[in-house]
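Visitor: Quick one: sequence plus predicted model below, questions after.
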Amino acid sequence: MKAVQLQDYHRMEVVEVADPPVDSGEVLIEVVATGICGSDFHGFTGENGRRFPGQIMGHESVGRVAAVGDGVVDVSIGQVVTFNPVVVPEADLEKYRGQEQMSPGKKVIGVTPEITAAFAQKITVPARNVVALPESMPIELGALIEPLAVAVHAVRRAQAEPGMNVLVLGGGPIGQSVVLALQMAGVTNIAVTEIMESRQQLITQLGAHAVNASAEDAAEQIIEHFSGPADLAIDAVGIDPTLRLALSATRLGANICLVGMGAPKISLEAFKISTEERSLIGSFTYTAQDFSDAADWMGQAPPQAAQLISRKVPMSAAQEEFTHLAEGGDTPGKVLVMLNEDQQN
């Protein structure tokens with residue numbers, strides 16, 4: 001089979017690799033599409049220290065079941081599926097049920113270097129990580145489920161509720177997914193800060209209010225839009241300026257959820273947390289239930305979801321796309337790499 005391999009930092013190449021074996025309890029998936037995650041193109045540049053030359057990355061995927069191993073009875077050949085990339089050892093499943101992302105023994109498909117992941121035409125995953133999808137949905141929407149699960153987990157960690165005024169910092173793919181997850185949770189009054197004009201337009205199309213993050217009076221604009229400070233904020237960037245804006249534009253006692261990982265270290269205006277009793281909450285990946293719920297919602301093909309896909313490209317364009325994204329090129333939403341020639345359009 002063919003795969004897109006990280007040959008060296010800043011260099012991707014389409015290579016031939018052996019088809020993965022299908023062991024007992026595993027499912028072989030023929031991959032249709034895999035989204036390029038921010039962590040992927042930061043791995044492409046070597047910035048995040050979590051991807052390595054020789055690795056085949058990719059974890060935001062959808063495909064069809066091509067084969068099943070012994071003992072697998074709950075999926076069928078040809079079925080449309082996605083997979084949860086967080087693989088918890090079988091021995092730890094019960095102990096970490098409901099907090100699977102906390103398992104110290106977990107492996108993450110697309111991150112763990114020795115796993116041939118989803119920028120390949122085929123991938124094997126444990127059957128327990130396979131999530132079936134309806135045939136009726138546009139199949140490429142399945143590649144949006146993993147980032148939506150990240151957002152669902154953050155929205156739940158932040159304790160968002162209907163009727164709240166919610167501020168989202170950053171209108172990139174995770175910020176966009178947070179908008180959808182807030183809508184899943186019944187939140188309708190959402191403001192999103194973003195620098196890129198094309199993303200501001202996309203945010204508006206999703207039904208949220210876009211604020212230019214570079215404006216000196218961004219905090220005042222947010223407060224004016226909500227007729228008061230935001231009830232909570234979800235930071236999908238995770239750098240000093242976004243966290244500072246979150247602290248300036250939220251009410252006393254507000255929750256601020258940090259899901260973006262734009263910088264390994266950030267500085268805090270401590271008095272805005274302690275004396276104004278805000279809570280800073282971390283959020284990382286998702287539970288199995290978050291992932292399942294995201295898949296259920298995306299399986300309904302919500303009309304706004306398709307707007308998150310900016311373009312679909314063949315494997316041969318991976319080097320160009322990774323470079324463009326790593327350089328901050330103007331791409332409002334998600335880029336999907338189509339892994340089989342007859343599935344590109």
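Guide: Received, thanks.

Visitor: now stretch 69-76, how far from the centre of its chain.
Guide: The offset between the C-alpha centroid of stretch 69-76 and the centroid of the whole chain comes to 28 Å, using Cα atoms, centre = their mean, to the nearest Å.

Visitor: For that stretch, output the C-alpha coordinates as CSV.
Guide: C-alpha atoms of stretch 69-76 as CSV (Å, rounded to 0.1, in the frame of the first residue of the first chain):
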residue,chain,number,x,y,z
GLY,A,69,-9.5,-10.5,12.9
ASP,A,70,-10.6,-13.5,14.9
GLY,A,71,-13.2,-12.8,17.5
VAL,A,72,-14.5,-9.6,15.9
VAL,A,73,-18.3,-9.9,15.5
ASP,A,74,-19.7,-6.4,15.8
VAL,A,75,-18.5,-4.8,12.5
SER,A,76,-19.0,-5.9,8.9
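
Visitor: Just the residues contacting it, thanks.
Guide: Contacts with stretch 69-76, where a contact means Cβ atoms under 8 Å, 6 or more residues apart in numbering, come from 22-28, 65, 68, 81, 127, 130, 132. To be clear about C-beta, it is placed using only N, CA and C from the backbone, and glycine gets the same treatment.

Visitor: And the worst-scoring helix or strand of the chain on mean pLDDT, what does it pack against?
Guide: The least trusted helix or strand in the chain, going by mean pLDDT, DSSP states H and E, turns out to be helix 38-45, with a mean of 89. Taking 3 or more Cβ pairs under 8 Å, 6 or more residues apart in numbering; DSSP states H and E as contact, the helices and strands that helix 38-45 lies on are helix 318-326.

Visitor: Mean confidence (pLDDT) on the helix it packs on, please.
Guide: Per-region confidence: helix 318-326 scores 95 on mean pLDDT.

Visitor: got it, and stretch 238-251?
Guide: Mean pLDDT, computed over stretch 238-251, is 97.

Visitor: likewise stretch 188-195?
Guide: 98.

Visitor: Repeat that for stretch 15-24.
Guide: Stretch 15-24 comes out with an average pLDDT of 96.

Visitor: Tell me where this structure has helices.
Guide: Shown for the chain, the helices assigned by DSSP state H span residues 38-45, 145-158, 173-184, 197-205, 218-226, 240-248, 270-274, 288-298, 318-326.

Visitor: Which of the ones you listed sits closest to residue 339?
Guide: Smallest distance to residue 339 across the helices of the chain (Cβ to Cβ): 10.3 Å, for helix 318-326.

Visitor: Are there helices or strands packed against that closest one, and which ones?
Guide: Judged by 3+ Cβ pairs under 8 Å, 6+ apart, helix 318-326 is in contact with strand 11-16, helix 38-45, strand 334-338.

Visitor: So what touches the longest one?
Guide: Okay, so that is helix 38-45. 6, 9-10, 12, 48, 50-51, 55, 57-58, 110-111, 172-174, 322-323, 325-326.

Visitor: try stretch 315-327
Guide: With contacts defined as Cβ under 8 Å, 6+ apart, stretch 315-327 is touched by 2, 4, 10-14, 36, 40-42, 44-45, 119, 313, 331, 335, 337-339.

Visitor: Just the buried ones among the residues you listed, please.
Guide: Buried residues within the contacts of stretch 315-327, counting neighbours by 16 or more other Cβ atoms under 10 Å: 2, 4, 12, 36, 40-42, 44, 119, 313, 331, 335, 337-339.

Visitor: so which one among those residues has the lowest pLDDT?
Guide: residue 42 (86).

Visitor: Could you pull up the residues touching the most centrally placed residue in the chain?
Guide: Residue closest to the average C-alpha location in the chain (Cα atoms, centre = their mean): residue 147, at 2.1 Å. By Cβ under 8 Å, 6+ apart, residue 147 lies in contact with 35, 37, 60, 173-174, 177, 334.

Visitor: try 6 Å
Guide: Contacts were defined as Cβ atoms under 6 Å, 6 or more residues apart in numbering; by that measure residue 147 touches 173, 177.

Visitor: so how far is residue 110 from it?
Guide: For residue 147, the distance to residue 110 under the criterion Cβ to Cβ, to the nearest Å works out to 12 Å.

Visitor: Which residues are in contact with each of these two?
Guide: Any residue near both residue 147 and residue 110 by Cβ under 6 Å, 6+ apart counts here, and not one turns up.

Visitor: quick revisit: which one (most neighbours) among the contacts of stretch 69-76?
Guide: Sorting those by how many neighbours each has (other Cβ atoms under 10 Å) puts residue 27 first, at 26 neighbours.

Visitor: I'd say residue 195 and residue 214 touch.
Guide: Yes: in this structure, residue 195 sits in contact with residue 214. The criterion is Cβ atoms under 6 Å, and the distance is 5.2 Å.

Visitor: Of these two, which one has the most company?
Guide: Regarding residue 195 and residue 214, a neighbour count based on other Cβ under 10 Å identifies residue 195 as having more, with 15 against 11.

Visitor: what about that one, distance to residue 213?
Guide: Here the distance between residue 195 and residue 213 works out to 5 Å (Cβ to Cβ).

Visitor: And for residue 145?
Guide: Residue 145 is 27 Å from residue 213, where distance means Cβ to Cβ.

Visitor: try residue 268
Guide: 19 Å.
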